[in-house]
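A.B. asks: Pasting a predicted model and its sequence here:
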Amino acid sequence: MIEARPRLVVGVDFGTLSGRAVVVRVEDGAELGSATHDYEYGVLESHLPDGTRLGPDWALQVPADYISVLRHAVPAALDAAGADPRQVVGIGTDFTACTMVPTTADGTPLNEVPAHAGDPHAYVKLWKHHAAQPQADRINALAAKRGESWLPRYGGLISSEWEFAKALQVLEESPAVYTAMEHWVEAADWIVWQLCGTYLRNACSAGYKGILQDGTYPTRDFLAELNPGFADFVADKIDRPVGSLGAPAGRLTRQAAEWTGLPAGIVVAVGNVDAHVTAPAAQSTAPGQMLAIMGTSTCHIMNGQILREVPGMCGVVEGGVTPGLWGYEAGQSGVGDIFNWFVSTQVPPAYVAEADQRGISIHEHLSDKAAAQAVGAHGLIALDWHSGNRSVLVDHELSGLVLGLTLATSPEDVYRALIEATAFGTRTIVEAFVDSGIPVDEFVVAGGLLKNPLLMQIYADVLGMPLSTIRSTQGPALGAAIHAAVAVGAYDDIHSASAAMGGVDRAVYQPVEDNVRAYDALYAEYRALHDHFGRGANDVMRRLRSIRRQALQGAAR
Ligand SMILES: Nc1ncnc2c1ncn2[C@@H]1O[C@H](COP(=O)(O)OP(=O)(O)O)[C@@H](O)[C@H]1O
Ligand SMILES: O=C(CO)[C@H](O)[C@H](O)COP(=O)(O)O
């Protein structure tokens, strides 16, 4: 009787503030039900739950929040789908990255070990933890000096968001946690470990965030020169067997079956990263298709048949998006996060009241007000570095800027200028790819920002390209489910699973010629400011960060 019913897979997307589960039909990718569970602790940016204060640019999480998603979102999604759990044949997951869990040998997070519970370094370092920039600077300078062969695979610069910089910060600021930490685990792999009892590294995180290239990590010699105590970091803390994307990692344990309500023994897919996993959901796995997953941050993901070194990209990894192809990644650390900062801190109460009266969000209200403007009418240019710059400058000491403010400037003017700044940032990335010999033939958008039509039109006009859009509103979770379908053997590979289960609408937003011309002029101004403040002509942003750190340290004393 069960055989007559469709086979289902579950995809679980672990985001910045919540986790989402979706129940998907293997045959055609139909999303039958979904549920979201908000993290209790969310993002810890100023203090630990016990009140211990955190320094500037810290961002931590509590791993118990991830288990709560398994306990709540998965059963709720099954309920919403009206599914019999026995129909589910596999589960796939994806995570933000680089999000790192320090653990004991058996995977227990160190913040759950009483001796370390009060030490901030025992907690998960979330992708947007940007306090390891000094360590990243040293990694980059030393790698450049020694001519390390892996450096060009990361566009010439390793981000402070990635595994090595964050771990070096742990070693140098909390030797006790570093010593106690038996494994430094990508959350993407930690959750799979919790689900099936097997700790494998996934090829995506290992390549982009863990500097695994051509089967090897940075050498012991290199690490010893960075800091003698770091010499054995690879062997001691991160080296593990690597699983291909779409392969099975193991089978659901009884404990995880109890958490999720799924049958013990079903296939658990190798872990993956939220951005990369979305490519098959958006039918964007072919070379030339650049997928932008636009939400809190934006990640740009693209497959290629050839290996090229793109300055300032996050990385190029063989099999990093789809086995058999070179996967490229670039990104902007703050996009929706910048709009969120603006609406939460810079909008007068009268605007909030108007939005409430209209029954719409403040984002929608500001977007409506800004939509009527001619391009350039606000007289502003902004730099989109409120959360630093991940590509192409790879520097989290940079900060935001709005130039051209007058007494006539309105909130919607600034809101529009911030949207434009993020679009200019994306154009800078697209041009870096094209100039490096990686053509971008199609630009596909996924993620929460799709719901803003003004923003989409601005991107089409700034890029001078049509925008295609993913059909699913749950791109990462659907992508994780597609990987589960491949892992259970329902499809031969990710491309065929994507063709059957993913969906995209082509060229939904078309560039408007007059706007394209007007934005070309503004983009030239953006690039002038970008290079002036971002490439060393004026280091005022770095100096301001340093002054801020000193002032905060002084105040804490
Ligand atoms: N209408 C809107 N226009 C622009 N930004 C928006 C709008 N609504 C929400 N946002 C922003 O979208 C971001 C959340 O995007 P989403 O894709 O849901 O999350 P995540 O990237 O964490 O998965 C928030 O930073 C929020 O400020
Ligand atoms: O760097 C990443 C992927 O490589 C992060 O996962 C991402 O930037 C965070 O994603 P989101 O904006 O969806 O929370």
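C.D. replies: Okay, I see it. Ligands and ions are numbered 1, 2, ... in the order given.

A.B. asks: Quick check: phi and psi on whichever residue of the stretch 251-400 of the chain sits closest to ligand 1?
C.D. replies: Nearest to ligand 1 in the stretch 251-400 of the chain, going by CB to the nearest ligand atom, is Gly295, at a distance of 2.1 Å. Where you see a C-beta, it was placed from the backbone N, CA and C, and this is true even at glycine. Dihedral pair for Gly295: phi -150, psi -130, per degrees, to the nearest 10.

A.B. asks: same deal with the one 10 residues further on?
C.D. replies: With angles defined as degrees, to the nearest 10, Gln305 sits at phi -80, psi -20.

A.B. asks: List the residues that contact it.
C.D. replies: Pro287, Leu325, Trp326 (CB atoms under 8 Å, 6 or more residues apart in numbering).

A.B. asks: The second one and Leu245: what is the separation?
C.D. replies: Same thing as Leu325. 11 Å (CB to CB, to the nearest Å).

A.B. asks: Now the common contact residues for the two.
C.D. replies: Joint contacts of Leu325 and Leu245 (CB under 8 Å, 6+ apart) are Gly319.

A.B. asks: of those two, who's got more company?
C.D. replies: Leu245 (27 against 21; other CB atoms under 10 Å).

A.B. asks: Wait, the more buried one touches Asn272, no?
C.D. replies: Yes. Leu245 lies in contact with Asn272 (CB atoms under 8 Å); the separation is 5.8 Å.

A.B. asks: any shared contact partners between the two?
C.D. replies: With CB under 8 Å, 6+ apart, Leu245 and Asn272 have common neighbours Asn202, Cys204, His483.

A.B. asks: and which of the residues you listed is nearest to ligand 2?
C.D. replies: Scanning those for proximity to ligand 2, where the rule is CB to the nearest ligand atom, the winner is Cys204, at 8.3 Å.

A.B. asks: Give me the secondary structure label for that closest one.
C.D. replies: helix (DSSP: H, G, I helix; E, B strand; the rest coil).

A.B. asks: What count of nearby residues applies to it?
C.D. replies: 33.

A.B. asks: Next: the one 10 residues further on.
C.D. replies: Neighbours of Asp214 under the rule other CB under 10 Å: 8.

A.B. asks: try Asp505
C.D. replies: 11.

A.B. asks: Could you measure from it over to Ala477?
C.D. replies: 19 Å.

A.B. asks: go on, Val234?
C.D. replies: Distance from Val234 to Ala477, by CB to CB: 32 Å.

A.B. asks: between these two, who's got more neighbours?
C.D. replies: Under the criterion of other CB under 10 Å, the comparison of Val234 against Ala477 puts Ala477 first, with 34 against 20.

A.B. asks: Helix, strand or coil: sort out that one for me.
C.D. replies: helix.

A.B. asks: measure it to Gly331 for me?
C.D. replies: Separation of Ala477 from Gly331 (CB to CB): 20 Å.

A.B. asks: How are the strands of the stretch 201-350 of the chain distributed by residue range?
C.D. replies: 201-202, 242-243, 248-251, 267-269, 289-294, 298-304, 315-318, 326-332 (DSSP state E, counting those that start in this stretch).

A.B. asks: Between the ones you listed, which one is closest to ligand 2.
C.D. replies: It's strand 298-304; of those, that one is closest to ligand 2 (CB to the nearest ligand atom) at 4.8 Å.
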